[in-house]
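> A structural model of the following input is requested.
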Amino acid sequence: MSPNAPRPESDRSQVEAILRELYAARVGGELDRLCALFAPDAVLKISGSSDGKPIAITARGAQEIRGWLGVLVKTFRLSRQEILSTVIDGSRGVVHWRAGIHSRITGVSVPTELVDLFEVKDGHIASYVELFVPA
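Next up is the predicted model:
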């Protein structure tokens, strides 16, 4: 390892800090704060099922990601968020979490389990895949 190469502990600390910020912004419904975490050329994918209907979203780049995150923030409010497990391996990781997801459209709140797979590059989220299913 060269003297200027980042240490694995600092990589892990950076990834953990980004994750704390990500979930705080999600629960807080803070669109600008969320969008600032993603790299300009990031990829966002969200897949799952709600009421037996499949949902799949793919966004590439900051503008598309902002559009989809804006829809999610306006449509859903998260409560009772709980991180169940986190695995970080270098710049990649997986988070298993649950939350109550309240639809501002239907008024229904559904307990949901989610798994997020992510990669961080240069201090920003470069790839983010979220899989969800009502619990």
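
> Counting neighbours, what do you get for residue 119?
17 (other C-beta atoms under 10 Å). (Glycine included, C-beta is placed from N, CA and C.)

> which stretches of the protein form strands?
With strands called from DSSP state E, the chain shows them at 38-50, 53-60, 76-89, 92-103, 109-121, 124-134.

> Mean pLDDT for those - can I get that in a markdown table?
As requested, those are exported to a markdown table (pLDDT from 0 to 100):
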| stretch | mean pLDDT |
| --- | --- |
| strand 38-50 | 96 |
| strand 53-60 | 94 |
| strand 76-89 | 96 |
| strand 92-103 | 97 |
| strand 109-121 | 96 |
| strand 124-134 | 97 |
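
> So what sits opposite residue 82 in the bridge?
Here residue 82 sits in beta bridges with residue 98, as judged by DSSP bridges.

> Wait, it touches residue 98, no?
Yes. Using C-beta atoms under 8 Å as the test, residue 82 is close enough to residue 98 to be in contact (5.4 Å).

> Between these two, point out the one with more neighbours.
It is residue 98, of residue 82 and residue 98, that has more neighbours when counted by other C-beta under 10 Å, with 16 against 9.

> wait, what's in contact with that one?
Under the criterion of C-beta atoms under 8 Å, 6 or more residues apart in numbering, the contact list for residue 98 reads 80-82, 84, 111-114, 135.

> so how far does stretch 115-135 reach from one end to the other?
Using C-alpha to C-alpha, to the nearest Å, one end of stretch 115-135 lies 12 Å from the other.

> mind listing what's buried in that stretch?
Applying a neighbour-count criterion of 16 or more other C-beta atoms under 10 Å, one finds 115-116, 118-120, 125-130, 132 buried in stretch 115-135.
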